[in-house]
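S.K.: starting from these lines, generate the structure:
(one chain, ligands or ions: 1)
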Amino acid sequence: MLCCAGHQASLLLFALLSVSSLLLVDGSHQDQEFGEAVGSRILQTNPDAHEVHCSRERSRAAWEAIDEYLMPFVEKEKYELPSKCRLRPDNDMFREQEQHKIHFDINEWHCGFCKKAFRAEKFIDQHFENRHKNLVDNSEGRCMADLCGALHCDLMMQFKKPKSKCNAAAATRNRHLCESLADSCFPINQGLAASRLHEFFLRQFCDAHTCSKGTKPFPKGGRKQTNRLYLALSILTLILLPLFYLIVFLHQREMRKGTQDLKRFSKIGQKKKPS
Ligand SMILES: [Zn+2]
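M.R.: Next comes the predicted model:
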C-alpha cells in the first residue's frame with residue numbers, strides 16, 4: 001500500500017511539474033517570437049508619424065515600449081529624464097486621457113472624466129476623440145507615435161513577420177532617430193547614471209536597427225518578463241506546497257497502518273505460540 005500511494009503521489013508530482021515547465025517554456029517561446037518579428041519594425045516606416053494627426057494606437061505602443069523596456073532601468077538608476085527628452089511621459093499628448101481609462105473587466109471600460117461605460121477600448125478611444133479632445137495638447141514634439149521607428153512599436157503591437165526584405169535605408173533612419181533619443185535623454189556629460197543609461201539605451205533599443213541578423217531588440221529584458229517569471233514561480237510554489245503536505249500525510253498514514261498491521265501480526269503470533 002505504501003509503495004503504491006508513494007508511486008501515485010510521485011506521478012502526480014511529475015504531471016504538475018510538466019505543466020509548470022510548459023508554462024515557463026511558453027514564456028520563452030513568446031520571447032523567441034518577439035525576436036523573430038524584429039524585421040517587421042525595421043521595415044515598416046511609420047505612415048502615421050508624418051501626418052498632422054498623431055496615431056493614438058501607435059503612441060500607446062511607443063509608451064508601452066518605454067514603460068516596459070526602459071523605465072524599470074531608469075527608475076533603478078534613480079535618474080530623471082531631462083525636459084528636452086521626448087521619452088518623458090508628459091511629452092505624450094494622449095497620456096492624460098490614457099490615465100483616465102478605467103479598465104474594469106475584459107469588456108468594460110470607463111471614462112475617468114465623465115464615468116461613461118464602454119464595451120471595448122476602441123469605443124472609449126472614440127469617446128475621448130469626440131468628447132474630451134480639449135484635453136489633448138498636440139503642440140510640437142508631443143506625438144509619441146513619431147518615435148515609433150526608434151522604439152520598435154510594430155513589435156509591441158505584435159505585427160506579423162513581413163514578407164519583404166529588410167529596408168536598409170529605413171533601418172539607418174530608425175537607428176539615427178534612436179541614437180538622437182539616447183543623446184538627448186541621457187547626455188553622457190551628465191554624470192555616471194546618464195552615461196550608463198546612454199549605453200544601455202543603445203544596446204536595448206538602437207542596436208537592433210540593422211539588416212544584419214542576430215540582433216534582437218530589448219536584449220536586457222523588461223518589466224513583464226520578470227513579472228512572468230515571478231508568476232511562474234508563484235504558481236509552482238502554490239502547486240508544490242499542498243502536494244508536499246499530501247505526500248507527508250499519505251506517508252504518515254501508511255506508516256501508521258504498517259505499525260498497526262505489525263502489532264496485529266505480532267498479536268496473532270503470540271496467540272499461536274502457546275498452542
Ligand atoms: Zn468621458
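
S.K.: CA only for contacts and neighbour counts going forward, please
M.R.: Noted.

S.K.: tell me which residue is most central in the chain.
M.R.: Nearest residue to the geometric centre of the chain (CA atoms, centre = their mean): Lys224, 2.6 Å.

S.K.: that one is in what secondary structure piece?
M.R.: Element membership of Lys224 [criterion: DSSP states H and E] is helix 223-272.

S.K.: before we move on, back to that, contacting residues for the residue nearest to the centre of the chain?
M.R.: Lys224 is in contact with Glu68, counting by CA atoms under 8 Å, 6 or more residues apart in numbering.

S.K.: and it, what pLDDT?
M.R.: pLDDT recorded at Lys224 is 71.

S.K.: over to the residue in the stretch 1-150 of the chain positioned nearest to the ion: give its phi and psi.
M.R.: Proximity of the stretch 1-150 of the chain to the ion (CA to the ion) peaks at Cys114, 4.1 Å away. Dihedral pair for Cys114: phi -120, psi 0, per degrees, to the nearest 10.

S.K.: again with Cys111
M.R.: Backbone geometry at Cys111, expressed as degrees, to the nearest 10, gives phi -80, psi 120.

S.K.: what sits closest to it if chain neighbours are left out?
M.R.: Lys101 (5.5 Å; CA to CA, 6 or more residues apart in numbering).

S.K.: could you double-check that the one you found sits in contact with Cys114?
M.R.: No - with contact defined as CA atoms under 8 Å, Lys101 does not reach Cys114; the gap is 10.7 Å.

S.K.: the more surrounded of the two?
M.R.: Set side by side, Lys101 and Cys114 show more neighbours around Lys101, with 18 against 10, by other CA atoms under 10 Å.

S.K.: the more buried one: what's it in contact with?
M.R.: Taking CA under 8 Å, 6+ apart, we find Lys101 in contact with Trp109, His110, Cys111, Gly112, Ile124.

S.K.: quick check: the two most widely separated of these?
M.R.: Put simply, by CA to CA the two of the contacts of Lys101 set farthest apart are Gly112 and Ile124, 10.3 Å from each other.

S.K.: who has more neighbours, the two?
M.R.: Between Gly112 and Ile124, counted using other CA under 10 Å, Ile124 has the larger neighbour count: 22 against 15.

S.K.: enumerate the residues of the stretch 51-200 of the chain near the ion.
M.R.: Within the stretch 51-200 of the chain, the positions near the ion by CA under 5 Å from the ion are Cys111, Phe113, Cys114.

S.K.: where does the stretch 101-250 of the chain dip in pLDDT?
M.R.: Low-confidence segments of the stretch 101-250 of the chain (pLDDT under 70): 159-164, 225-227.

S.K.: where exactly do the strands run in it?
M.R.: Secondary structure of the stretch 101-250 of the chain (DSSP state E, counting those that start in this stretch): strands located at 101-105, 108-111, 117-118.

S.K.: strands paired with the longest one, and their directions?
M.R.: For strand 101-105, sheet partners with direction are given as strand 108-111 (antiparallel), following DSSP bridges.

S.K.: got the contact list for the residue in the stretch 151-275 of the chain positioned nearest to the ion?
M.R.: Relative to the ion, the nearest point of the stretch 151-275 of the chain is Met157 (25.5 Å; CA to the ion). Contact analysis of Met157 by CA under 8 Å, 6+ apart lists Ala61.

S.K.: roughly how far apart are it and Phe123?
M.R.: As judged by CA to CA, to the nearest Å, Met157 and Phe123 stand 19 Å apart.

S.K.: next, count neighbours for Phe244.
M.R.: When neighbours are defined as other CA under 10 Å, Phe244 has 12 of them.

S.K.: and it, how far from Arg223?
M.R.: Distance from Phe244 to Arg223, by CA to CA: 31 Å.
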